[in-house]
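J.: Requesting a structural model of the entry that follows:
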Amino acid sequence: MLSSPLESRLWYEFRNAELLRQAMTHRSHSAAHNERLEFLGDSVLNCVVAALLFQRFGKLDEGDLSRVRANLVKQQSLYEIAQALNVSECLRLGEGELRSGGFRRPSILADTLEAIFGAIFLDGGFDAAFTVIKRLYTPVLDHIDPRTIGKDAKTLLQEYLQGHKIALPTYTVVATHGAAHNQQFEVECTVPKLDVKVSGSGASRRAAEQAAAKKALDEVMAAAPTLGVKPKRKSSRAAKSEQDVVPGVTGVQGALDLRSPDRRERHQQAHAAQSGDERAATAPLAVIRVTHVEPSAAAYASADKPEQQVIHKPEKGEKSEKAEKLAKAEASKPEAPKEDKRPASDTPSGDDAGPNIESRSSSASADAGH
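T.: Residues are numbered from 1 along each chain as shown. Model (predicted):
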């Protein structure tokens, strides 16, 4: 059974109650104070929180892990946990610290919590300290954003404006109030493009700038849905080069992906189906790509000459074939007997014909005798 209210809130019971007593003692109370336990508890806390972050956020790099851990173990974070545990009711302070309200001071409460972790480590070992710290920090880890935690308001505002291509804000000290040892600064933060102008105050110029930046960030984030950041327009040359790589494929990388046979086949099938649908829906169009070619001098000369009528003549081969056919046809015809076409007056009469015939026959017989 837990012996004290603080142990019940810690869910840990000390076997050596003196360690818890020493952890709750401030140096203003007695010589047996908690500063050495605070040193030990600080190292144990850093180790446990680092292990928890390493296990939970596997994609964070070393820089982001260090930033998140530093934010979780800083004084403000420890102060909030100490307030939740109500550590102040068990503090042992000197008279001066009690009168000055030391039990409410964030630095004293944060140091006391670290001393408690050191005392648990000595009393129950690292596993006991790990269990207690994990139980206290789990609700915190469930609600943090590792991308933004640990960044101040000025850094967050600057990163947001740079991400949206907006000019950085300007900070101007507009007033200073109070005595020299207790001044209050008033700083104005302006984001001209978004018509944001807010002011913040603080005990130092830096604190006032952070307060103003936080207000400006809240206004900028509230107006975030109305921020119209136009995308960059592509040049016409780049657009043409992306469209003309492969029909139906935009970009060089998409065309390169078609080198795979299966992807190329699927693309050809899809493109054929798409072109078929387009033909059915609309009349066919002929797309002709013309490349510029410089004409030669001969082309210009031929263009200036008037057009001449071309007469197609039959070729010589055809003539010779027809002539041969005609010659063969004439040669194959039989020769007709010649008729005597002399006039009738020249034909000898019966009286004249006798002597002639006889003379011809006698000459023929004489020739035969010889």
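
J.: alpha carbons only for contacts and neighbour counts from here, please
T.: Fine.

J.: so who does Ala37 touch?
T.: Quick fix: residue 37 is Leu, not Ala. 23, 114-119 (C-alpha atoms under 8 Å, 6 or more residues apart in numbering).

J.: If we use 6 Å, what do you get?
T.: Residues in contact with Leu37 (C-alpha atoms under 6 Å, 6 or more residues apart in numbering) are 115, 118.

J.: what helix or strand does it sit in?
T.: helix 35-56 (DSSP states H and E).

J.: cool, and Thr172?
T.: Per DSSP H and E: strand 170-177 holds Thr172.

J.: returning to that earlier point: tell me which residues in the helix holding Leu37 are buried?
T.: 35, 37-38, 40-42, 44-45, 48-50, 52-53 (16 or more other C-alpha atoms under 10 Å).

J.: now do stretch 200-209
T.: Neighbour-count burial for stretch 200-209 flags 200-202, 204-205, 207-209 (criterion: 16+ other C-alpha under 10 Å).

J.: And for stretch 18-30?
T.: Within stretch 18-30, the residues scored as buried using 16+ other C-alpha under 10 Å are 19-26.

J.: Among those residues, which are located in strands?
T.: Taking DSSP state E as the definition of strands, the buried residues of stretch 18-30 contribute nothing to them.

J.: ok, which pair from those residues is furthest apart?
T.: Largest separation among the buried residues of stretch 18-30 by C-alpha to C-alpha: Leu19 and His26, giving 13.4 Å.

J.: that older thread, switch the buried residues of helix 35-56 over to JSON lines; also include pLDDT.
T.: Formatted as JSON lines, the buried residues of helix 35-56 follow (pLDDT from 0 to 100):
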{"residue": "Glu35", "pLDDT": "96"}
{"residue": "Leu37", "pLDDT": "97"}
{"residue": "Glu38", "pLDDT": "97"}
{"residue": "Leu40", "pLDDT": "97"}
{"residue": "Gly41", "pLDDT": "97"}
{"residue": "Asp42", "pLDDT": "97"}
{"residue": "Val44", "pLDDT": "98"}
{"residue": "Leu45", "pLDDT": "97"}
{"residue": "Val48", "pLDDT": "97"}
{"residue": "Val49", "pLDDT": "97"}
{"residue": "Ala50", "pLDDT": "97"}
{"residue": "Leu52", "pLDDT": "97"}
{"residue": "Leu53", "pLDDT": "96"}
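
J.: Let's have those residues in TSV, adding distance to Ile133.
T.: TSV is the format used below for the buried residues of helix 35-56 (distance: C-alpha to C-alpha, whole Å):
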residue	distance to Ile133
Glu35	19
Leu37	16
Glu38	15
Leu40	14
Gly41	11
Asp42	12
Val44	9
Leu45	7
Val48	7
Val49	8
Ala50	11
Leu52	10
Leu53	13
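
J.: And the strands in the protein, which stretches?
T.: 170-177, 184-191, 196-202.

J.: helices or strands up against the first one?
T.: Helices and strands in packing contact with strand 170-177 are listed as strand 184-191; criterion 3 or more C-alpha pairs under 6 Å, 6 or more residues apart in numbering; DSSP states H and E.

J.: on that earlier part again, most packed of the strands of the chain?
T.: Mean neighbour count (mean count of other C-alpha atoms under 10 Å) peaks for strand 184-191 among the strands of the chain, with a mean of 22.

J.: so where's the stretch 101-250 of the chain uncertain?
T.: 224-250 (pLDDT under 70).

J.: same thing but 50
T.: Where the stretch 101-250 of the chain drops to pLDDT under 50, the residues are 228-232, 235-236, 238-246.

J.: just the helices in it please.
T.: 106-124, 126-141, 153-163, 205-222, 236-243 (DSSP state H, counting those that start in this stretch).

J.: follow-up on the earlier one: which among the buried residues of helix 35-56 gets closest to Gly125?
T.: Val44 (10.4 Å).

J.: what angle separates the helix holding Leu37 from helix 126-141?
T.: 60 degrees (axes from the mean of the first three to the mean of the last three C-alpha atoms, to 10 degrees).

J.: Now helix 35-56 - C-alpha only, PDB.
T.: The C-alpha coordinates for helix 35-56 follow below in PDB (Å, rounded to 0.1, in the frame of the first residue of the first chain):
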ATOM      1  CA  GLU A  35      20.900  19.000  -5.900                       C
ATOM      2  CA  ARG A  36      22.900  15.800  -6.400                       C
ATOM      3  CA  LEU A  37      19.700  13.800  -7.000                       C
ATOM      4  CA  GLU A  38      18.600  16.500  -9.500                       C
ATOM      5  CA  PHE A  39      21.900  15.900 -11.500                       C
ATOM      6  CA  LEU A  40      21.300  12.200 -11.600                       C
ATOM      7  CA  GLY A  41      17.600  12.500 -12.400                       C
ATOM      8  CA  ASP A  42      18.300  14.900 -15.200                       C
ATOM      9  CA  SER A  43      20.400  12.200 -17.000                       C
ATOM     10  CA  VAL A  44      17.900   9.400 -16.300                       C
ATOM     11  CA  LEU A  45      15.100  11.600 -17.700                       C
ATOM     12  CA  ASN A  46      17.000  12.400 -20.900                       C
ATOM     13  CA  CYS A  47      17.800   8.700 -21.400                       C
ATOM     14  CA  VAL A  48      14.200   7.600 -20.900                       C
ATOM     15  CA  VAL A  49      12.700  10.300 -23.100                       C
ATOM     16  CA  ALA A  50      15.200   9.600 -25.800                       C
ATOM     17  CA  ALA A  51      14.300   5.900 -25.800                       C
ATOM     18  CA  LEU A  52      10.500   6.700 -25.900                       C
ATOM     19  CA  LEU A  53      11.000   9.000 -28.900                       C
ATOM     20  CA  PHE A  54      13.200   6.500 -30.600                       C
ATOM     21  CA  GLN A  55      10.500   3.800 -30.300                       C
ATOM     22  CA  ARG A  56       7.500   6.100 -31.200                       C
END
